[in-house]
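[1] I'd like to go over a predicted model; first the sequence, then the structure.
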2 protein chains.
Amino acid sequence: MTINQNTFTGEYSYSLDTKGRANIPAKFRGVLSAENEQSFVITRGMDPCVWVYPIIVWQSIEDELRKLSSLSQVNRSFVRSTVRYASSVQYDKQGRIAISPNLIEYAQLEKEVLILGMVNKIEIWNPKLLDSVDKNSQEIDSSQFDELANQIIL
Amino acid sequence: MTINQNTFTGEYSYSLDTKGRANIPAKFRGVLSAENEQSFVITRGMDPCVWVYPIIVWQSIEDELRKLSSLSQVNRSFVRSTVRYASSVQYDKQGRIAISPNLIEYAQLEKEVLILGMVNKIEIWNPKLLDSVDKNSQEIDSSQFDELANQIIL
DNA sequence: GATTATTACCCACAACTACCCACAATGTAT
DNA sequence: ATACATTGTGGGTAGTTGTGGGTAATAATC
């Protein structure tokens, strides 16, 4: 199947084991291009969740960051906050990645986690948090939300 | 080629087997262009039904989503809701696709299902639900049709 | 340097999925 | 009317996937 590479969709209800490992859904591993060498960059999400990027995709983000001028205070702290918690991981023979205690705490992950495809990246959530956060942001900006839907959904 | 490719019309009353598989009508498979490689993307519809897109069509939606910056909260929430329940499936040698329990529950599908051509996508319905939802649309008043008239010519 | 903690690598297994074969019903051609 | 191909439906099997845990290598601490 020649689906878009490095593109993730769908929701998976998986579990975090006692060692803090989470499985990457087989479908996600399948579309990860070979040049990534089974590796991702994981970091804090802007929402209370963990973001998981294919390294290739992450590198292009780094390139963008490089272009931002360090003259601006906002730019400096933005660069700092995006890069600060990022580290690369390779999944093991069973297809799992280890999530650092730091990130587990930030996303308040417990045994049951929700893994979401987000097109160019993957999100790992505590299901309870996702419910409240997502419902909230849809309601606050419902007009912008509808506008996007009109433009994009076929 | 006599008919537009990737264009679906007509209605079919098929059945969901015990494994949650539904047949894609032969006519639909016939007009699915080769580049799709017998694959669709299935997801939640806006109505309580399942939407089935040819992969090619879905990819154009993905491409639009990819352009949205994750710095904006509405964007994140929109991408999440659009992609969350979407997954790609290839039909088997008998022409069937597997529908996930998640989607079956959402569309309240039972053994007997209605498969509808919807021009650029396919809908799968519980016949009972379609009746009640469509009854409401019969009551669309003429002003709403006037608005539509600006967008489409029949 | 010895001991403990942490990480990476490997094996095991149950549950699930994809793949294949079979068959009846329907449609088509001879 | 008969033979043949196609289509929709059911089910069995082998391989894959998610999950738990064990062991060796590495790092950290005293």
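    Yep, that arrived. What you are looking at is a predicted structure, and each value in this text was computed from that prediction instead of being measured.

[2] where does pLDDT dip in chain A?
    By pLDDT under 70, the weakly predicted segments of chain A are A:1-3.

[3] what do you get if the cut-off is 50, keeping everything else the same?
    Scanning chain A with the threshold set as pLDDT under 50 gives A:1.

[4] sec struct for the nearest residue to A:Ser88 once chain neighbours are set aside, please.
    Using Cβ to Cβ, 6 or more residues apart in numbering or on different chains and skipping the chain neighbours, the partner closest in space to A:Ser88 is A:Val41 (5.0 Å). In short, each C-beta sits where N, CA and C put it, glycine included. Following DSSP: H, G, I helix; E, B strand; the rest coil, we place A:Val41 in the strand state.

[5] my guess is A:Val41 meets A:Gln90, correct?
    No. Using Cβ atoms under 8 Å, A:Val41 is not in contact with A:Gln90, being 10.8 Å away.

[6] which one's more surrounded, those two?
    A:Val41 (21 against 12; other Cβ atoms under 10 Å in any protein chain shown).

[7] give me every residue that touches that one.
    With contact set as Cβ atoms under 8 Å, 6 or more residues apart in numbering or on different chains, A:Val41 has these partners: A:Val52, A:Tyr53, A:Pro54, A:Ile55, A:Trp58, A:Ala86, A:Ser87, A:Ser88, A:Val89.

[8] and chain A, which residues reach chain B?
    A:1-4, A:7-11, A:27, A:46-47, A:116-121, A:123, A:134, A:137-138, A:141, A:144-145, A:148-149, A:151-154 (Cβ under 8 Å from any Cβ of the partner chain).

[9] can you show me the strands along chain A?
    A:11-15, A:21-23, A:39-44, A:50-54, A:87-90, A:96-98, A:112-117, A:122-125 (DSSP state E).

[10] turn those strands into a markdown table, columns for distance to B:Glu37.
    Output for these, formatted as a markdown table (distance: least, Cβ to Cβ, whole Å):
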| stretch | distance to B:Glu37 |
| --- | --- |
| strand A:11-15 | 23 |
| strand A:21-23 | 27 |
| strand A:39-44 | 27 |
| strand A:50-54 | 22 |
| strand A:87-90 | 30 |
| strand A:96-98 | 29 |
| strand A:112-117 | 20 |
| strand A:122-125 | 24 |
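
[11] between those strands, which gets nearest to DNA strand C?
    strand A:96-98 (4.7 Å; Cβ to the nearest atom of the strand).

[12] so what strands line up beside the closest one?
    strand A:21-23 (antiparallel) (DSSP bridges).

[13] what's the distance between A:Arg29 and A:Arg96?
    The gap separating A:Arg29 from A:Arg96 is 10 Å, by Cβ to Cβ, to the nearest Å.

[14] more neighbours, the two?
    A:Arg96 (18 against 13).

[15] contacting residues around A:Val57?
    Neighbours of A:Val57 in contact, by Cβ under 8 Å, 6+ apart: A:Asn6, A:Asn120, A:Lys121.

[16] surely A:Cys49 and A:Lys121 touch.
    No. A:Cys49 is not in contact with A:Lys121 according to Cβ under 8 Å; the separation is 10.6 Å.

[17] which one of the two is surrounded by more residues?
    A count of neighbours by other Cβ under 10 Å puts A:Cys49 above the other of A:Cys49 and A:Lys121, at 27 against 24.

[18] follow-up on the earlier one: ok, so of the contacts of A:Val41, who is nearest chain B?
    Nearest to chain B out of these is A:Tyr53 (Cβ to the nearest Cβ; 10.7 Å).

[19] ok, back up a step: any idea which of the contacts of A:Val57 is closest to A:Glu112?
    A:Lys121 (21.1 Å; Cβ to Cβ).

[20] quick check: that closest one vs A:Met46, distance?
    11 Å.

[21] overlap in contacts, these two.
    B:Ser70.

[22] what distance do you get for the residue nearest to the spatial centre of chain A to DNA strand D?
    Centroid check for chain A by Cα atoms, centre = their mean gives A:Trp51 as the closest residue, at 2.4 Å. Remark: distance between A:Trp51 and DNA strand D (Cβ to the nearest atom of the strand, to the nearest Å) = 19 Å.

[23] in PyMOL, how would I select just the buried ones from the contacts of A:Val41?
    Here is the PyMOL selection string for the buried members of the contacts of A:Val41, based on 16 or more other Cβ atoms under 10 Å in any protein chain shown:
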select buried, chain A and resi 52+53+54+55+58+89
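
[24] among the contacts of A:Val41, which two are most distant?
    Maximum distance among the contacts of A:Val41 (Cβ to Cβ): 14.4 Å, for A:Pro54 and A:Ser87.

[25] can you tell me which of the contacts of A:Val57 is nearest A:Glu105?
    A:Lys121 (20.5 Å).
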